[in-house]
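Novice: This is the structure alone, sequence omitted:
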């Protein structure tokens, strides 16, 4: 039995899609939703549409599903006989028409992606997917208050965040109603360092060593033990949590990690670059080090094309240095949205907009 169409304003509308947890078999279809939604949005802004290989998006979604299967949801409709035979289908041959994925690291929830097919938008589906992606029993505002343990001796607090495009007022209003208010612009800079002297050199008391140049210890590890200890300590300081699973993803993506240490071995920063030009994450214990660390990372490898990096507006000297070195600003800024400030974005450059 099928549900009847809903008649509104003289028009026949289908019933809402079904919503369920995602599976690996849904991921290719999710990349098509991502592509279609972005293409529609960019076309309305008279911007170039998204093109190219979707497999990096699928790999990112696979990582998000593997680490957070309970906060990854898809909206589906039954397959129609008239569908394009080349159309990507999800599990059970269903059509995926929307999805939302969030990651939880420690007590920080971050909405990685929420996309809905253009013909399914403006019907409340995005809000429904967002609600499902929240951690069980947790919600912005309700968890904005400090939770005190029974003995009253300690307190913890969840944080909720996401990154959005500044040119999407409807989406930004949806998140802001939940308390995820835009707080920091994030600028997309692209280019090659044609004037590298615009970025300072590393201070002489700081050494840089590639992760892979350090002993890995036990076979099969994602990171050498000295790197794991240093990186986890810096992440706890800047983010409030460790996320070794994401560093494992970076290694699988073949990003090249570099550890920065004072002469006595004290770690002061780490950063990643790659042969495809992706920069980030980059984390520094002193904000003044960020331009020098990025300048060093730009010289570690020569990319196949241009470098690409998302830099929070709070890191103003870094942005000025990159522009002076020959980078350019691309498209619209993104916005980091949080229910409360939780990450020192003057000292941290994210992996992507979907994954801190």
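Specialist: Cool, the structure landed. Predicted, not measured: the structure shown is a model, and the values here were computed from it.
Novice: Residue 252: neighbour count?
Specialist: Using other C-beta atoms under 10 Å, residue 252 has 12 neighbouring residues. C-beta: built from backbone N, CA, C; applies to glycine.
Novice: Look at it and report its pLDDT.
Specialist: According to the prediction, residue 252 has pLDDT 92.
Novice: And for stretch 71-81, what's in contact with it?
Specialist: 14, 17-22, 26, 29-30, 61, 64-65, 89-90, 93-104, 109, 116, 120, 125, 128-129, 132-135 (C-beta atoms under 8 Å, 6 or more residues apart in numbering).
Novice: Just the buried residues from these, in PyMOL please.
Specialist: This is how PyMOL selects the buried members of the contacts of stretch 71-81, with burial counted by 16 or more other C-beta atoms under 10 Å:
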select buried, resi 17+19+20+22+26+29+30+61+64+65+89+90+94+95+96+97+98+99+100+101+102+103+104+109+116+120+125+128+129+132+133+134+135
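Novice: Of the contacts of stretch 71-81, which belong to strands?
Specialist: Judged by DSSP state E, strands contain the following of the contacts of stretch 71-81: 18-21, 95-104, 109, 116.
Novice: Residue 299: which element?
Specialist: Using DSSP states H and E, residue 299 falls within no helix or strand.
Novice: check contacts around it.
Specialist: Here residue 299 is in contact with 193, 196 (C-beta under 8 Å, 6+ apart).
Novice: isn't residue 182 right next to residue 164, touching?
Specialist: Yes - under the criterion of C-beta atoms under 8 Å, residue 182 makes contact with residue 164 at 7.2 Å.
Novice: More neighbours: which of the two?
Specialist: Neighbour totals were compared for residue 182 and residue 164, and residue 164 leads with 22 against 17 (other C-beta under 10 Å).
Novice: Next one: the residue nearest to residue 200 when sequence neighbours are not counted from residue 269, what distance?
Specialist: Nearest residue to residue 200, sequence neighbours excluded (C-beta to C-beta, 6 or more residues apart in numbering): residue 292, at 4.6 Å. Distance of residue 292 to residue 269, given as C-beta to C-beta, to the nearest Å: 9 Å.
Novice: higher neighbour count, those two?
Specialist: A count of neighbours by other C-beta under 10 Å puts residue 269 above the other of residue 292 and residue 269, at 25 against 21.
Novice: helix or strand right after the helix or strand hosting that one?
Specialist: Element membership of residue 269, judged by DSSP H and E, is strand 267-273. Heading C-terminal from strand 267-273, the first helix or strand you meet, by DSSP H and E, is strand 282-284.
Novice: Parallel or antiparallel, list what pairs with that next one.
Specialist: In the sheet, strand 282-284 lines up against strand 267-273 (antiparallel), strand 348-349 (antiparallel) (DSSP bridges).
Novice: for the first one, which positions count as buried?
Specialist: Just to be clear, that refers to strand 267-273. 267-273.
Novice: if we can go back for a sec, let me know which of the strands paired with strand 282-284 is the nearest to residue 170.
Specialist: Residue 170 lies closest to strand 348-349 among those, at 27.9 Å (C-beta to C-beta).
Novice: Need the contact partners of that closest one.
Specialist: Under C-beta under 8 Å, 6+ apart, the answer for strand 348-349 is 238-239, 271, 279-284, 290, 294, 309-312, 315, 318, 356.
Novice: Flag the shaky bits of the stretch 201-350 of the chain, pLDDT-wise.
Specialist: 216-222 (pLDDT under 70).
Novice: Which parts of it are helices?
Specialist: Taking DSSP state H, counting those that start in this stretch as the criterion, the stretch 201-350 of the chain carries its helices at 225-238, 244-252, 290-297, 316-325.
Novice: Quick check: which helices or strands does the second one pack against?
Specialist: So that's helix 244-252. Applying 3 or more C-beta pairs under 8 Å, 6 or more residues apart in numbering; DSSP states H and E, we find helix 244-252 packed against helix 55-67, helix 225-238, strand 256-262.
Novice: Helix or strand next in line after the first one, which one?
Specialist: Using DSSP H and E, the next helix or strand after helix 55-67 towards the C-terminus is strand 72-77.
Novice: Buried residues in that following strand, which are they?
Specialist: Applying 16+ other C-beta under 10 Å to strand 72-77 flags 72-77 as buried.
Novice: any idea of the mean pLDDT for that strand?
Specialist: 93.
Novice: How about stretch 41-53?
Specialist: So the average pLDDT for stretch 41-53 ends up being 73.
Novice: Next, the buried residues of that stretch.
Specialist: Neighbour-count burial for stretch 41-53 [16+ other C-beta under 10 Å]: 41-42.
Novice: what's the span of it from first residue to last?
Specialist: 19 Å (C-alpha to C-alpha, to the nearest Å).
Novice: again with stretch 194-201
Specialist: Using C-alpha to C-alpha, the end-to-end distance of stretch 194-201 comes to 15 Å.
Novice: Stretch 292-301 too?
Specialist: 16 Å.
Novice: Next: stretch 183-201.
Specialist: End-to-end distance of stretch 183-201 (C-alpha to C-alpha): 31 Å.
Novice: Show the contacting residues for residue 230.
Specialist: Residue 230 makes contacts with 259, 261, 267, 270, as judged by C-beta under 8 Å, 6+ apart.
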